[in-house]
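Chemist: Next one to model:
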Amino acid sequence: MSSAHVTEPDAQGCTGVNGAPHHLRLSRPPRHDIWTLGYGRRTVIWTQGCRHACDGCMSPETWDPEAGESWNVDDVVDEIIAGLPAASGLSVSGGDPIDWSSALVELLRKVRGRCGGDYDILVYTGYRFNTLRQRVPELLELVDVIIDGRFNKSLTEPPLPWRGSSNQEVHLLTPLARRRYIDINVAREHPPLQLVSIKPSPLRVGVELAGIASTGELSRWEGEMKRLGLRSESDDAGGVPASEELGPCP
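Modeler: The predicted structure is shown next:
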């Protein structure tokens, strides 16, 4: 893909080839049972498409902007609201959500209008905070936490809560974010990865890994799943349950 190493969003709000506002592509349906991508129990959406193509990314299947499934923004909002009241907040991962900034702003405005004041919104992106402030300032008015920066596989030690590499920064934008995230080690209450069940077709079931893997963590989980008789989607599977890794691409 010719845009694989572009590191700045386009001036039109990143809709570009990725589609018109009011729709966005998701790599998988939203989930309401994730504990590894933010404070407490989270609703998580994973957008499809990423220009960064970071070496060592745990979710390269989310890079292609034409893959995944097109969703109407209102349908995504309804799915998010279905996670209440159990979810503490919404985490938006990918892919890179900022490549859908116009649709994302519309989505978050509607979520804000339907959720209470103790519901925090966290967005992952490979773009730097200053770029967002210049190009999509309206987005920053709607979110509580931005975790920015491309993944750098040479900066993965020591493991950091909610981040894949130490160059990525956590920006706390609201009083709620500062209350919940100021003690960043609160994330240690939960492991960096969790297994979640999936049903990719009526005749197949499987598991995915949700979260952020530290060095060697993916290999350890993959080995354990193979020991249990699970195959990855890259294996020559044929009817055997699939396993797949998902998490923030940046």
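Chemist: On the three-state scheme, S91 is what?
Modeler: strand (DSSP: H, G, I helix; E, B strand; the rest coil).
Chemist: isn't it right up against W46?
Modeler: No: with contact defined as Cβ atoms under 8 Å, S91 does not count as touching W46 (9.3 Å). C-beta: built from backbone N, CA, C; applies to glycine.
Chemist: Show me how the chain divides into domains.
Modeler: 16-189, 193-246 (automatic domain parsing).
Chemist: can I get those domains in JSON lines with mean neighbour count and mean pLDDT?
Modeler: Shown next, in JSON lines, are the domains of the chain (neighbours: other Cβ atoms under 10 Å; pLDDT from 0 to 100):
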{"stretch": "domain 16-189", "mean neighbour count": "19", "mean pLDDT": "88"}
{"stretch": "domain 193-246", "mean neighbour count": "15", "mean pLDDT": "55"}
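Chemist: I182 contacts L172, correct?
Modeler: Yes: between I182 and L172 there is a contact under Cβ under 8 Å: 6.8 Å.
Chemist: and L122, which of the three is it?
Modeler: Secondary structure assignment for L122 (three-state DSSP): strand.
Chemist: That one: what's it in contact with?
Modeler: Taking Cβ atoms under 8 Å, 6 or more residues apart in numbering, we find L122 in contact with 37-39, 42, 89-92, 143-147.
Chemist: Let's have those residues in TSV, adding distance to I80.
Modeler: Formatted as TSV, the contacts of L122 follow (distance: Cβ to Cβ, whole Å):
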residue	distance to I80
L37	14
G38	14
Y39	16
R42	11
G89	10
L90	6
S91	11
V92	10
V143	14
D144	15
V145	16
I146	18
I147	19
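Chemist: May I ask which two of those residues are separated the most?
Modeler: Across those, the longest distance by Cβ to Cβ is 15.5 Å; it joins R42 and I146.
Chemist: now the residue nearest to L173 when sequence neighbours are not counted: how far from A177?
Modeler: Excluding the flanking residues, the one nearest L173 by Cβ to Cβ, 6 or more residues apart in numbering is D144, at 5.8 Å. To A177, D144 is 4 Å away according to Cβ to Cβ, to the nearest Å.
Chemist: All good on my end, thank you.
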